[in-house]
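> I'll drop the sequence and a predicted model, then ask my questions.
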Amino acid sequence: MRYLVLSDIHSNLEALTAVLKRVRRKRFDRIVILGDLVGYGADPNPIVDRVRKLKRMVIIRGNHDKVCSGIDNGDMFNKVALESARWTENQLLPRNLKWLRALPKGPVTVGDLLSISHGTPLDEDAYIFGEIEALNMFQYFKTPICFFGHSHFPVVFGLDDEALTTYIPVTNGGDNCRIKLDKTKRYLINPGSIGQPRDGDNRASFGVLDDKRMTMTIYRVNYPYEKTQQKIRAAGLPAPLADRLALGR
């Protein structure tokens, strides 16, 4: 099976549109979405409307989806994140607010191969940044592969009986990086963020898993981030949310 793996869209319509255009002629058996559809950006309703139309989709909520839909009070958010969440909650149409509130909490198992979580398999609000956090999480899922998001940083952690190995996808000037997976290992994989990359590459990031070929490919796609910036500023959202899109930070 082939899985399209999307995460951390953050109300960035231009980025999501570019990603879906990039894969429009590809065949996928499942589309997996790891949460944080909204927050930060200026297009929460168009994003939710677009995602709701996707076929063969498995989706979980993210921490911003919780706060922006009123499930969580956002007391763990910084000032900028909370301001954008409150703005988003006020902008969401009733049908989209209801739909966001009904999104399932991760982790969720997808067949025999995959688990999906937002933050970690143990805590949807926690981060996996490095090997120590990753190593501690393998005990909390039983499938060969677990996808996670939240950090906005594409990375592949592979564990076997001897060691944990970290793979940082680097495109070397191209638009993708393909990693061959080993059936003797288990994996924690972050496909990166579509709407707000933070790894120094401002292109939208997403992943494709091919379980027949045992490959994980991280793709990077250019999008007109200047248009996204203009929308954020015009909406009166905090300026850093627009500025950082140019830097991928």
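That came through, no problem.
> for the longest helix anywhere in the chain, buried residues please.
Assignment by DSSP state H gives helix 79-91 as the longest helix of the chain. For helix 79-91, the neighbour count (16 or more other C-beta atoms under 10 Å) marks 81-85, 87-89, 91 as buried. Yep, even glycine has a C-beta here, placed from its N, CA and C like the rest.
> let me see the contact set for the residue nearest the centre of the chain.
The C-alpha lying nearest the average C-alpha coordinate of the chain belongs to Ser7 (C-alpha atoms, centre = their mean; 1.5 Å). By C-beta atoms under 8 Å, 6 or more residues apart in numbering, the residues touching Ser7 are 33-36, 147, 149-150, 190-194, 206.
> mind doing that once more with 10 Å?
32-37, 60, 62, 116, 118, 147-152, 154, 190-195, 205-207 (C-beta atoms under 10 Å, 6 or more residues apart in numbering).
> isn't there a helix covering Leu135?
Yes - assessed by DSSP: H, G, I helix; E, B strand; the rest coil, Leu135 belongs to a helix.
> so what's it up against?
Contacts of Leu135 by C-beta under 10 Å, 6+ apart are 128, 157, 159, 163-164, 188.
> mind listing which of those residues are in strands?
Counting by DSSP state E, the part of the contacts of Leu135 found in strands is 157, 159, 164, 188.
> for the second one, list each beta-bridge partner.
Under the criterion DSSP bridges, Leu159 forms beta bridges with Leu164, Arg186.
> Tyr167 versus that one, what's the distance?
12 Å (C-beta to C-beta, to the nearest Å).
> let me know whether Val23 touches Ile194 as I believe.
No - between Val23 and Ile194 there is no contact under C-beta atoms under 10 Å: 11.7 Å.
> now list whatever residues contact both of those two.
Residues touching both Val23 and Ile194 (C-beta under 10 Å, 6+ apart) are 6, 206, 221.
> can you tell me the SS state at the second one?
Classification of Phe206 using three-state DSSP returns strand.
> let me know the pLDDT of it.
Listed pLDDT for Phe206 reads 98.
> and if you look at the last one?
Per-residue confidence for Val221 comes out at a pLDDT of 97.
> residues in contact with Lys79?
When contacts are counted by C-beta under 10 Å, 6+ apart, Lys79 is found next to Pro238.
> please shift the residue numbers so they start at 259 in all later answers.
New numbering, starting at 259: the last item is Lys337.
> look up how far Leu361 lies from it.
Lys337 is 25 Å from Leu361, by C-beta to C-beta.
> which residues of this structure fall in helices?
Ranges of helices in the chain, per DSSP H, are 271-280, 302-310, 321-326, 337-349, 352-359, 389-395, 483-492, 497-505.
> give me the neighbour count for His322.
Close neighbours of His322, defined as other C-beta atoms under 10 Å, add up to 29.
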